[in-house]
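1. just the structure for this:
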Amino acid sequence: MTDSRAASAASTPTGSTRTGSTRTAERSPWPALWALVIGFFMILVDTTIVSVANPAIKAALDPNTGNLDNVVWVTSAYLLTYAVPLLITGRLGDRFGPKNIYLIGLALFTIASLACGLAPSLEMLIAARAVQGLGAAMMTPQTMAVITRTFPPQNRGAAMGLWGATAGVATLVGPLAGGLLVDGLGWEWIFFINIPVGIIGFIAAVILVPQLPRTAHKFDIVGVVLSAVGLFLIVFGLQEGEHYSWAAWIWAMVAAGIAVMALFIWTQARSKGEPLVPLDLFRDRNFSIANLAIAAVGFTVTSMALPQMFYLQLARGLTPTESALLLIPLAILSGVLAPFAGKLLDRTDPRFLLVPGLLLVGGALGIYVALILNDAPIWMFLIPSVFMGIGNAGMWGPLATTATRNLPPRQAGAGAGIYNTTRTVGSVIGSASIAAFMQARLEANLPGAGDAGASFGTGTLPPQIVGGFSEAMGQSLVLPIIVIGVGLIAVLFMRRPSVIRPHGAPRDAAPAAQAQAAPAAAGE
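-> Alright, predicted model coming up:
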């Protein structure tokens with residue numbers, strides 16, 4: 001309990017308003033983390049569950065076009081409204097308490113899920129998904145902020161191991177649950193299932209998550225507007241570029257988005273008050289590299305699912321459930337191994353887990369490409385699923401722990417917001433980029449594939465176009481391979497963390513350096 005009191009003291013900045021009793025501050029942080037994990041799991045499942053339902057959604061709500069970009073907006077709208085507010089929602093958690101912001105976000109997310117399931121058109125579904133993304137943006141930074149503020153640095157590996165296991169398993173359970181629900185009850189139920197889960201998560205958070213000390217923050221409205229406009233211009237340009245034959249105005253839109261983001265960074269650097277993004281956090285090399293790597297991971301995980309599921313369902317004739325069952329080794333291995341990876345991370349250099357983890361993910365994607373291009377037997381797709389599961393266990397938790405290990409408690413919300421923003425921005429750009437790349441490869445392998453008469457809705461494709469379609473999907477997976485390679489190169493430049501629990505040290509025993517640092521942190 002000594003460390004809990006020290007961590008609590010360190011997390012109380014000057015001028016903050018303390019809420020909750022000393023008893024609350026001293027209680028074990030694990031029940032609160034488990035309660036938050038319920039909502040976090042639901043958010044990430046919704047990021048991937050739609051991938052397996054995309055063909056069914058397209059057949060139901062957009063059956064008369066051969067353009068895949070339209071239905072991909074069901075994912076991109078969610079990710080876009082998820083990414084943009086994360087910077088400010090992290091600060092909202094610091095200002096009004098992570099528990100309060102989390103509960104508001106969870107309620108909004110659950111209500112929006114109901115609207116998604118009841119949507120009568122593709123446009124209404126996209127709009128409801130955008131609201132769902134806003135609720136997710138309010139929830140996500142609070143999970144990491146609670147870990148950062150309640151677990152001492154030398155014990156965060158185990159906590160982030162649970163966080164990483166949740167992230168890894170959710171991205172895999174999404175397609176599995178999606179397949180079962182789409183086949184058994186219809187695509188609407190991938191959203192209806194969130195309602196009971198959301199209610200359970202809300203009750204658990206009310207009971208188990210403590211009220212933590214609050215910190216007054218000024219909110220950079222100009223920064224929020226600039227980041228939102230810049231990101232929207234870039235994503236929309238990438239998403240719709242192929243549809244509009246990469247017209248000059250599309251390129252102008254992307255260029256304008258990049259310019260606006262550059263202006264955003266400039267304003268953050270020159271801010272006299274409290275910037276939306278405290279750029280001094282990036283002076284920590286590991287924080288900067290972890291952010292670059294998680295953006296690559298977000299890009300890869302989001303982009304790899306789309307061509308895989310379209311190939312398995314349309315070229316090979318598998319049902320959503322059958323295609324999702326091929327991910328079972330991935331889900332099991334990632335969920336089982338991630339907590340062990342987190343405990344190991346408390347005692348070792350994160351590169352010892354990250355380098356092999358990212359290598360395995362990239363290698364598994366390479367195997368997927370070879371299997372697709374060679375029309376391999378379906379059972380062989382279980383092989384890369386095994387490697388992908390092991391790689392995921394060494395990827396999610398270690399990156400999150402490395403990013404947050406050296407964060408001062410007063411910047412927990414800002415740091416968590418930045419980290420989750422970069423992860424989600426990577427996912428947004430991955431979703432937009434893979435849509436454009438898939439469409440480009442379809443046009444190259446099946447000229448005229450974007451015409452209205454070419455339908456890629458549901459069911460097995462005609463034999464005469466299966467070959468070209470498979471080539472296009474296999475070639476599309478090269479893009480996430482390249483991006484995960486960038487993440488791998490980045491983590492090679494990490495430094496060994498200064499706070500690592502010695503071998504044999506008790507889990508609740510902080511190093512002397514941490515015990516000395518707590519009073520200093522409290523006085524900041």
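2. show me where the stretch 51-200 of the chain has its helices.
-> 69-83, 86-96, 98-118, 122-150, 156-184, 189-192, 194-208 (DSSP state H, counting those that start in this stretch).
3. between these, which gets nearest to residue 398?
-> Among these, helix 156-184 comes nearest to residue 398, with 7.1 Å by CB to CB. For every residue, glycine as well, the C-beta is placed using N, CA and C.
4. output the below-cut-off pLDDT ranges for the stretch 101-250 of the chain.
-> Applying pLDDT under 70 to the stretch 101-250 of the chain picks out residues 153-157, 160-161, 163-165, 167-168, 171-172, 214-219, 239-240, 242-243.
5. neighbours around the closest residue to residue 86 other than its chain neighbours, how many?
-> The shortest distance from residue 86 to any non-neighbouring residue, by CB to CB, 6 or more residues apart in numbering, is to residue 421 (4.1 Å). Using other CB atoms under 10 Å, residue 421 has 29 neighbouring residues.
6. tell me the pLDDT at the residue sitting furthest away from the middle of the chain?
-> Computed with CA atoms, centre = their mean, the maximum C-alpha offset from the centroid of the chain is found at residue 464, amounting to 37.6 Å. Residue 464 is assigned 77 on the pLDDT scale.
7. in which helix or strand does it reside?
-> Secondary-structure assignment from DSSP states H and E places residue 464 in helix 463-476.
8. surely residue 345 touches residue 401?
-> Yes. With contact defined as CB atoms under 8 Å, residue 345 reaches residue 401; the gap is 5.5 Å.
9. buried ones in the biggest helix by length in the chain, by neighbour count?
-> For the chain, the helix with the greatest residue count under DSSP state H is helix 412-445. Neighbour-count burial for helix 412-445 flags 412-442, 445 (criterion: 16 or more other CB atoms under 10 Å).
10. hang on, the earlier thing: show me what contacts the residue nearest to residue 86?
-> By CB atoms under 8 Å, 6 or more residues apart in numbering, the residues touching residue 421 are 83, 86, 87.
11. closest one of the residues you listed to residue 362?
-> Checking these against residue 362 with CB to CB, the nearest one is residue 83 at 23.9 Å.
12. so the closest one sits right up against residue 427, yeah?
-> Yes. Residue 83 lies in contact with residue 427 (CB under 8 Å); the separation is 7.5 Å.
13. distance of the closest residue to residue 124 other than its chain neighbours from residue 472?
-> Closest residue to residue 124 apart from its sequence neighbours, by CB to CB, 6+ apart: residue 115 at 7.9 Å. Distance of residue 115 to residue 472, computed by CB to CB, to the nearest Å: 34 Å.
14. who's more crowded, these two?
-> Taking other CB under 10 Å, residue 115 and residue 472 do not tie; residue 472 has more neighbours (26 against 16).
15. ok, the more buried one to residue 388 distance?
-> 22 Å.
16. show me what the helix or strand that residue 334 is a member of is packed up against.
-> Following DSSP H and E, one finds residue 334 within helix 328-345. Identification of packing neighbours for helix 328-345 by 3 or more CB pairs under 8 Å, 6 or more residues apart in numbering; DSSP states H and E yields helix 156-184, helix 351-373, helix 382-393, helix 396-404.
17. verify the stated contact: the residue nearest to residue 124 with residue 128.
-> Yes. Residue 115 lies in contact with residue 128 (CB under 8 Å); the separation is 4.0 Å.
18. which one of the helices and strands packed on helix 328-345 lies nearest to residue 280?
-> Nearest of the helices and strands packed on helix 328-345 to residue 280, taken as CB to CB: helix 396-404 at 14.9 Å.
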